[in-house]
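Peer 1: fold the following for me, if possible:
(one chain, ligands or ions: 1)
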Amino acid sequence: MLKQKTVKDSQVEMRMLVMPNDANPHNTIFGGVVMSWIDMAAAMVAQRHTGRPVVTVHIDDISFKAPIRVGDQCCIKAAINYVGRTSMLIGVKVIAENPQTGDVRHTTTAYLTFVALDDVGKPVAVPEIVAKTDDEKRRYAEGKIRAQEIKKKSKR
Ligand SMILES: CC(C)(COP(=O)(O)OP(=O)(O)OC[C@H]1O[C@@H](n2cnc3c(N)ncnc32)[C@H](O)[C@@H]1OP(=O)(O)O)[C@@H](O)C(=O)NCCC(=O)NCCS
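Peer 2: Here you go, the predicted model:
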């Protein structure tokens, strides 16, 4: 496993078309569908960063700020923000776009913690992050504080 990786090495962007079977009776997306897309995008980042099997251990601070409607395209952007020894904090942003009007809305941001596993399913050390841009450096500093708060909460 490499000792260091850049944020760009593992970032993921996926696009989903919201279909009728993704919706609730009000024709807006069912929250659990968005959550599964968020978990999947973040898992792919963690897999790319480590080259190992990974599991979700925590999902932090998820809120839905604007509705996503049937027919919208959802762009899910995920990037690694911070790493501990065996854990990784991944930030995910969901943007909805109406392809007819071009209207774009930032609907959700979430932070997920993943742990990399060795061949017997035990936590294993992950590569460090090289944060290059100002945004990556800011996310790293904020991610460090968030990861410490999550650790404190999970110990309670
Ligand atoms: C991942 C797993 C093997 C870790 O086992 P563990 O006994 O907690 O291991 P550790 O105490 O050594 O913790 C490993 C890392 O995870 C972090 N961690 C553990 N529980 C956490 C939690 N609830 N939230 C955030 N981080 C957590 C620890 O802080 C540690 O991070 P670090 O190495 O970067 O300091 C175990 O928690 C597990 O199997 N969980 C189920 C995962 C799963 O099935 N997910 C699918 C979705 S439900």
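Peer 1: just give the nearest non-adjacent residue to whichever residue of the chain sits closest to the ligand, would you?
Peer 2: For the chain, the residue positioned closest to the ligand under Cβ to the nearest ligand atom is residue 84, at a distance of 2.3 Å. C-betas here are computed from N, CA, C, even on glycine. With Cβ to Cβ, 6 or more residues apart in numbering as the measure, residue 147 is the residue that lies nearest to residue 84, at 6.1 Å, once sequence neighbours are left out.
Peer 1: ok, whatever helix or strand the one you found lives in near the ligand or not?
Peer 2: Per DSSP states H and E: residue 147 is located in helix 134-155. Yes. Against the ligand, helix 134-155 shows contacts by Cβ under 6 Å from any ligand atom at 150-151, 154.
Peer 1: and that helix, what does it pack onto?
Peer 2: The contact analysis (3 or more Cβ pairs under 8 Å, 6 or more residues apart in numbering; DSSP states H and E) places helix 134-155 against strand 54-64, strand 73-83, strand 87-97, strand 104-116.
Peer 1: now tabulate these in TSV and tack on mean neighbour count and mean pLDDT.
Peer 2: As requested, these are exported to TSV (neighbours: other Cβ atoms under 10 Å; pLDDT from 0 to 100):
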stretch	mean neighbour count	mean pLDDT
strand 54-64	15	93
strand 73-83	22	98
strand 87-97	23	97
strand 104-116	20	97
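Peer 1: now residue 104. Nearest residue, chain neighbours left out?
Peer 2: Counting by Cβ to Cβ, 6+ apart, residue 97 is the residue found nearest to residue 104 once chain neighbours are left out, at 4.9 Å.
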